[in-house]
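Novice: Turn this into a model:
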Amino acid sequence: MILLLHIISRDLMQDAPPPPPPEWAEGQEWTKDAAAQAEKSQWPDQASMQGTKDENTLRLLRHSGKIAVCLMWFFALVFVCSMTVWLVHYLTPCGWLSETQLAKIQTVIFSGSIGALVSGFAQKHMAQ
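Specialist: So this is what the prediction gives:
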């Protein structure tokens, strides 16, 4: 079995890809082609491409900042709503939550995960 694998791998290693055609070695054959020249003239110059890249980077940062703020508000709202439901359940005579539901709400409130997420988002985007 090992001998067979060795023979197969040796045969595969000997099959090198063919070399490029000799006319490619001369260099820029496209400079003589009118269609290639017309296509090249449609390309933007390097400076305008850098400007476009900078604009796209700024746009990405703006949008990610807005998304981060929305996520902070969402998690803060979830925390406040969970805390309100938990307090209303214990402070009013109409305790409508089952023990399982109450345990899930307490896990959300007291696990610290929501606070850590909000705090992490806030610290990350305040540093920028």
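
Novice: which stretch of helix or strand covers the residue of the chain positioned farthest from its centre?
Specialist: In the chain, the residue that sits farthest from the middle, by CA atoms, centre = their mean, is residue 93; the gap is 47.6 Å. Assigned by DSSP states H and E, residue 93 belongs to no helix or strand.

Novice: quick one: it and residue 54, what's the gap?
Specialist: Distance of residue 93 to residue 54, given as CB to CB, to the nearest Å: 62 Å. For every residue, glycine as well, the C-beta is placed using N, CA and C.

Novice: now swap in residue 66 and tell me
Specialist: Taken as CB to CB, the span from residue 66 to residue 54 is 19 Å.

Novice: for the residue farthest from the centre of the chain, phi and psi?
Specialist: Per-residue torsions, residue 93: phi -70, psi -20 (degrees, to the nearest 10).

Novice: Which helix or which strand is home to the spatially most central residue of the chain?
Specialist: In the chain, the residue lying closest to the centroid (CA atoms, centre = their mean) is residue 64, at 10.5 Å. In this assignment (DSSP H and E), residue 64 forms part of helix 46-91.

Novice: Give me the average confidence score over that helix.
Specialist: Across helix 46-91, pLDDT averages out at 85.

Novice: That one - contacts with which helices or strands?
Specialist: helix 99-110, helix 113-127 (3 or more CB pairs under 8 Å, 6 or more residues apart in numbering; DSSP states H and E).

Novice: Let me have these in a markdown table, extended by distance to residue 38.
Specialist: Converted to a markdown table, these look like this (distance: least, CB to CB, whole Å):
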| stretch | distance to residue 38 |
| --- | --- |
| helix 99-110 | 63 |
| helix 113-127 | 47 |
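
Novice: Those helices: which one's closest to residue 33?
Specialist: Nearest to residue 33 among the helices and strands packed on helix 46-91 is helix 113-127; the distance by CB to CB comes to 50.8 Å.

Novice: So residue 18: helix, strand or coil?
Specialist: Three-state assignment for residue 18 (DSSP: H, G, I helix; E, B strand; the rest coil): coil.

Novice: Done for today, thanks.
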